[in-house]
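[1] Fold the stuff below for me.
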Amino acid sequence: MAASLSAEARWREGARGAAAAALALFLGAVPAPAATPPDTIIMARSIDDIVSLDPAEAYEVSGGEVIGNVYDRLIENDPAAPGRFRPGLAENWSADEDGRHFQFHLRSGVRFASGQPVTAADAVFSLRRAVLLDRAPALILRQLGLTRDNVRERVRAVDATTLTIETGAALPAALVYACLAAPVGSVVDEQAAMAHAEEGDFGAHWLATHGAGSCAYRLVTWQPGERYVLAADAEYWGGAPANRRVIVRHVKDGVTQRLMLMRGDIDYARDLDKDQLDGLAHEPGLRFDRRVQSLITYLALNQKNPYLRRPEIVAAIKVLVDYDGIGRLLLGPTAIAHQAFEPEGLPGAISDTPFRFDPAHAKALLASAGLAEGFTVSIDVRNASPWTEVAQALQADFATAGIRLTIIPGDGKQVLTKYRARHHDIFLGEWAPDYADPNSNAEAFAANDDNSDDASRKTPAWRSAWSDAAMNAAVAAAATERDPTRRAALYEALQRSHQQVAPFVFLFERIEVAAHPVSVDGFVLGFTSSDDRYARIAKH
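    Next comes the predicted model:
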């Protein structure tokens, strides 16, 4: 790894020099920086992952951020403490001792962007439509035992400001609240949605590109692959936003974002990598908002591959990653080392890092598996920075023990499609919990009770063709444990067992960094993208 990273470092020095030259040329060719409009916030980030802006369908990182600023939920994640909740549309709520009945009381006087009052009937409609439409986010509400067959009975309005939810089994309150605080729990204006309904879609076609929420902003426009524009609601029940409008432009390349930031074309650059952040670190006119977010970088080893299904090979790969070198030289301030499936901050998360780069131990493990001469295997990776560089570093790491790693690059859709079809050998990517509860990632990485090719639940464990009966039982036990202390202990034990036997190599947890001028501040970065908030951003 050392030789490889030295070469990598030289390559990156050359890239930095080229970028600096381009930057000097660029800045020399344009007028002095001009400020963006005083009442408008302009961001640059990659937003080409947005498929829909309907809360019942959106399942991507960028879409979640839009929904979090356009729609209110009954309750919200506390941005300061994952796993805790604060009032949203519901000013108070309660759970019966049986762990199956939950009641929510809505605050009065709240209106949608249309001017219609927000009622319990709207909240009931929103949860029911998500389950009945049965798009990808519906699986979150299925955690509560809600199905197409029972949702009309189990989600009901008591009166104009009160609704009840009955779960299918006794569940921890934290799990129920986390699911409702996810984007799929957003409350939609029933009248606006049904006015645009087509062939029983509950307004889904219209809501894919329009907003019908009650939050701090309304959606003005979304131009796929270009931008979205939000207008602030000065009458918002949570207080008028400090700005009038937010424009988020699709700019995929971090170098271009850096140039735009220095020129004054944007107020926030959201996708700067290590080199760009290093280059801007000492700029006196800039500040950097940072937050450890829930995205976990990992390797998935497909158990359909005859080499990768051997326990000795899985163990060898876990000590053939130079975690420190990759983190320090390639990712820098954008990631922290993390070797378990629960992100930092959630109840039950662990900080154990039991694996170190140890080629000698890896060679011994390969020899014990009868593969002393090594073998050839491929890795699928997005053809973008820093993923290409990380894959190249892994290629050099694996070679120290004789594993010949073939890199197969592709765009995000190509790589994910192959992974979802179980056609990969090794997949390099990121994963974030669907909701802020440890059950989300535990079910993703440790539970797989149907390993058939036509299974209905296609989690990372399924995608890697891995099923373990003991893990399945442990996940089920932790999910339904209602004592918070015992529940956290179950997840801690589950992760430590998982680290030793599962065909996943967890590498890092993302640090979200937003670069901005000192004259702009107030952006709130949350634990997940749907908790990022624009309303406090102001210029001074």
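[2] List the contacts of residue 41.
    By Cβ atoms under 8 Å, 6 or more residues apart in numbering, residue 41 lies in contact with 243, 245-247, 267-268, 520, 534, 537, 539. For the C-beta atoms, the positions are set from N, CA and C on the backbone; glycine is no exception.
[3] Of those residues, which belong to strands?
    Among those, the residues falling in strands (DSSP state E) are 245-247, 268, 520, 539.
[4] What about the residues you listed, which one has the most neighbours?
    Within the ones in strands among the contacts of residue 41, neighbour counts (other Cβ atoms under 10 Å) peak at residue 246, which reaches 25 neighbours.
[5] export the contacts of residue 41 to JSON lines and tack on pLDDT and distance to residue 408?
    Compiled in JSON lines, these are given as follows (pLDDT from 0 to 100; distance: Cβ to Cβ, whole Å):
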{"residue": "243", "pLDDT": "98", "distance to residue 408": "44"}
{"residue": "245", "pLDDT": "98", "distance to residue 408": "42"}
{"residue": "246", "pLDDT": "98", "distance to residue 408": "38"}
{"residue": "247", "pLDDT": "98", "distance to residue 408": "36"}
{"residue": "267", "pLDDT": "98", "distance to residue 408": "38"}
{"residue": "268", "pLDDT": "98", "distance to residue 408": "34"}
{"residue": "520", "pLDDT": "97", "distance to residue 408": "41"}
{"residue": "534", "pLDDT": "98", "distance to residue 408": "38"}
{"residue": "537", "pLDDT": "98", "distance to residue 408": "40"}
{"residue": "539", "pLDDT": "96", "distance to residue 408": "45"}
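[6] what's the span of stretch 216-235, first residue to last?
    End-to-end distance of stretch 216-235 (Cα to Cα, to the nearest Å): 8 Å.
[7] in it, what's buried?
    Buried positions in stretch 216-235, judged by neighbour count with 16 or more other Cβ atoms under 10 Å: 216-219, 222, 227-233.
[8] what's it in contact with?
    Outside stretch 216-235, the residues that touch it by Cβ under 8 Å, 6+ apart are 47-48, 50, 53, 66, 69-70, 111, 113, 209-211, 215, 236, 238, 240-241, 243-250, 533-535.
[9] which of the ones in strands among the contacts of residue 41 lies closest to residue 279?
    Of all those, residue 268 has the smallest distance to residue 279: 17.0 Å, by Cβ to Cβ.
[10] Go ahead and confirm that closest one touches residue 514.
    Yes. Using Cβ atoms under 8 Å, residue 268 is in contact with residue 514, at 5.1 Å.
[11] quick one on the thing from earlier: pick the one among the buried residues of stretch 216-235 closest to residue 196.
    residue 219 (13.8 Å).
[12] For the closest one, list each beta-bridge partner.
    residue 230 (DSSP bridges).
[13] that older thread, quick one: mark the members of the contacts of stretch 216-235 that sit in helices.
    66, 69-70 (DSSP state H).
[14] hang on, the earlier thing: and for residue 268 and residue 514, which residues touch both?
    Common neighbours of residue 268 and residue 514, using Cβ under 8 Å, 6+ apart, are residue 523.
[15] quick one: stretch 124-144 to chain centroid distance?
    Mean-position distance between stretch 124-144 and its chain equals 19 Å (Cα atoms, centre = their mean, to the nearest Å).
[16] Can you get me the start-to-end distance on that stretch?
    Start-to-end span of stretch 124-144 (Cα to Cα) is 15 Å.
[17] ok, now stretch 134-154?
    16 Å.
[18] how about that stretch: buried residues?
    135, 137-146, 151, 154.
[19] Low-confidence stretches in the protein?
    Counting by pLDDT under 70, the chain shows low-confidence ranges at 1-34.
[20] Would you map out the domains in it?
    Using automatic domain parsing, the domain parsing of the chain gives 45-238+527-539, 292-512.
[21] quick one: which of the contacts of residue 41 is nearest to residue 103?
    Closest approach between the contacts of residue 41 and residue 103, by Cβ to Cβ: residue 534, at 31.3 Å.
[22] Three-state assignment for the closest residue to residue 419 other than its chain neighbours, please.
    For residue 419, ignoring the flanking residues on the chain, the nearest one in space by Cβ to Cβ, 6 or more residues apart in numbering is residue 427 at 4.6 Å. Classification of residue 427 by DSSP: H, G, I helix; E, B strand; the rest coil places it in strand.
[23] what about residue 427, distance to residue 156?
    Separation of residue 427 from residue 156 (Cβ to Cβ, to the nearest Å): 42 Å.
[24] Same drill for those two, tell me which one is more crowded.
    The residue with more neighbours, out of residue 427 and residue 156, is residue 427; 25 against 16, by other Cβ under 10 Å.
[25] Make sure that one is actually in contact with residue 379.
    Yes. The pair residue 427 / residue 379 is scored as a contact, 7.4 Å apart, by Cβ under 8 Å.
[26] Which neighbours do these two have in common?
    Counting by Cβ under 8 Å, 6+ apart, the residues touching both residue 427 and residue 379 are residue 299.
[27] Report the central residue of the protein.
    By Cα atoms, centre = their mean, the chain has its centre lying nearest to residue 432, at 3.8 Å.
[28] List the neighbouring strands of the longest strand belonging to the chain plus their orientation.
    Across the chain, the longest stretch assigned as strand under DSSP E is strand 286-301. Paired strands of strand 286-301, with direction, are strand 426-431 (antiparallel), strand 504-517 (antiparallel) (DSSP bridges).
[29] Quick one: closest of these to residue 38.
    Comparing these by Cβ to Cβ, strand 504-517 comes nearest, at 12.6 Å.
[30] how far is the closest one from where the chain is centred?
    11 Å.
[31] Ok, stretch 247-267 next?
    22 Å.
[32] Of all the residues in that stretch, which ones are buried?
    Neighbour-count burial for stretch 247-267, counted by 16+ other Cβ under 10 Å, picks out 247-251, 254-267.
[33] Equivalent analysis for stretch 347-358, please.
    By neighbour count on 16+ other Cβ under 10 Å, the buried set for stretch 347-358 is 347-350, 355, 357-358.
[34] Determine which two of those residues are furthest apart.
    347 and 358 (31.9 Å).
[35] neighbours around the nearest residue to residue 508 once chain neighbours are set aside, how many?
    Closest residue to residue 508 apart from its sequence neighbours, by Cβ to Cβ, 6+ apart: residue 335 at 3.9 Å. The local packing of residue 335 (other Cβ under 10 Å) involves 22 other residues.
[36] Distance of residue 294 relative to residue 432?
    5 Å.
[37] Find residues that contact each of these two.
    343, 528.
[38] on that earlier part again, who is the residue nearest to residue 508 paired with across the strands?
    Residues in beta-bridge contact with residue 335 (DSSP bridges): residue 510.
[39] From what I see, it and residue 510 are in contact.
    Yes. Applying Cβ under 8 Å, one finds residue 335 in contact with residue 510, separated by 5.8 Å.
[40] which residues do those two both contact?
    Residues touching both residue 335 and residue 510 (Cβ under 8 Å, 6+ apart) are residue 297.
[41] in what helix or strand does residue 255 lie?
    helix 254-263 (DSSP states H and E).
[42] tell me which strands and helices that helix is in contact with?
    helix 2-28, strand 40-45, strand 268-269, helix 274-280, strand 504-517 (3 or more Cβ pairs under 8 Å, 6 or more residues apart in numbering; DSSP states H and E).
[43] the inter-axis angle of the last one versus strand 40-45?
    Using axes from the mean of the first three to the mean of the last three Cα atoms, to 10 degrees, the interaxial angle of strand 504-517 with respect to strand 40-45 works out to 150 degrees.
[44] Flag every buried residue along strand 504-517.
    Quick answer for strand 504-517 (16+ other Cβ under 10 Å): 504-517.
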